[in-house]
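Chemist: Predicted model and sequence follow; I will ask about them next.
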Amino acid sequence: MNRFLCFILLVISHTKLAGQANIKDSALFITSVRVSYAPQLPGGTMVNRFGWNSNLGFHVDIKTKHSVLFGIEGNFLFGNKVKEDVLSILRNDDSAIIDQSGTYAKVLTYERGLVVNAYTGYLFNKFGPNPNSGILVKVGFGFMQHKVRIEHNKNSVPALNGDYIKGYDRLTNGFNISEFIGYQLLSNSKLLNFFVGFEFYQGFTQSRRDWNTDLFKANTEKRMDILSGFRVGWILPLYKRAPKDYYY
């Protein structure tokens, strides 16, 4: 997190050193802060564990005058469709879980995860109102993690309290790569700035728990976790406007 914040401060401060030019007719050095959202479908081994999820992203990047991008992003994954019944061992014949008082417990499972990537890309700026808009292609690499979040009322199920819950949550992480292709628009007026496109993640992951309680064994398989979806985002570009020309 400290490195991420340092990167943000570095690129923002560097913007102050960029020369002044007009976005309408010049390819500028631009620092951008981006916020985005993507609904994603799982693939590979991930499809057996989760349904579709939401992805909320925060990005900071720089675009050089040569239309090359460098950046870093953090993405929060969340969803409520868990296909794998990690609590099957705790269920009775009615598929219910009994709490410590002998009544039916309300136990909910959710998908939670994150992706932190560095990326680079190129802006093909022949398709837009100015040289800072166009077809955007990016590739990235970094860290992917996901797990099953388990919630129950007032910690009423002893088997799910404390460290016991780690035997069910399927914590998984590893290296990932990503690809994005879409369109970026930075308007001449600086009022309408956004990007849209298709995005893909491939995670080379594995379980990080020593034991799965419901399976009575550890899970040592290598996984290929895939996420794909359509991402839309808002851009806050940081650059100096050129001074207006005055004629006397």
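Modeler: Noted; the coordinates are in hand.

Chemist: Can you give me the pLDDT of the residue nearest the centre of the chain?
Modeler: By C-alpha atoms, centre = their mean, the chain has its centre lying nearest to N75, at 2.4 Å. Predicted confidence (pLDDT) for N75: 98.

Chemist: what comes up buried for the helix or strand where it lies?
Modeler: Element membership of N75 [criterion: DSSP states H and E] is strand 68-79. Within strand 68-79, the residues scored as buried using 16 or more other C-beta atoms under 10 Å are 69, 71-75, 77, 79. Where you see a C-beta, it was placed from the backbone N, CA and C, and this is true even at glycine.

Chemist: related to what we said a few turns ago, surely the residue nearest to the centre of the chain is in contact with L114?
Modeler: Yes - taking C-beta atoms under 8 Å as the definition, N75 is a contact partner of L114 at 6.3 Å.

Chemist: ok, back up a step: which residues are contacting the strand holding N75?
Modeler: For strand 68-79, contacts defined as C-beta atoms under 8 Å, 6 or more residues apart in numbering pick out 4, 7, 32, 34, 40, 50-64, 110-123, 136, 138, 140, 146, 227.

Chemist: let's go with 6 Å and repeat that
Modeler: With C-beta atoms under 6 Å, 6 or more residues apart in numbering as the test, strand 68-79 has contacts from 7, 53-63, 111-122.

Chemist: Mind checking which of the residues you listed are buried?
Modeler: Among the contacts of strand 68-79, those buried by neighbour count (16+ other C-beta under 10 Å) are 7, 53, 55, 57-63, 111-117, 119, 121-122.

Chemist: just to revisit the earlier point, so how far is L136 from the residue nearest to the centre of the chain?
Modeler: Distance of N75 to L136, computed by C-beta to C-beta, to the nearest Å: 17 Å.

Chemist: same question, I226
Modeler: Applying C-beta to C-beta, the value for I226 to L136 is 22 Å.

Chemist: Show me the shaky parts of this structure.
Modeler: 1-21, 240-248 (pLDDT under 70).

Chemist: which residue ranges form the helices in the chain?
Modeler: Ranges of helices in the chain, per DSSP state H, are 2-15.

Chemist: mind listing the strands for it?
Modeler: 30-44, 53-63, 68-79, 107-124, 134-152, 172-186, 193-207, 222-238 (DSSP state E).

Chemist: Give me the distance from stretch 181-193 to the chain's centre.
Modeler: Relative to its parent chain, stretch 181-193 has a centroid offset of 21 Å by C-alpha atoms, centre = their mean, to the nearest Å.

Chemist: buried ones in that stretch?
Modeler: In stretch 181-193, counting by 16+ other C-beta under 10 Å, buried: 182-187, 193.

Chemist: just curious, which of the residues you listed is nearest to N153?
Modeler: Among those, G182 lies closest to N153 (C-beta to C-beta), at 42.9 Å.
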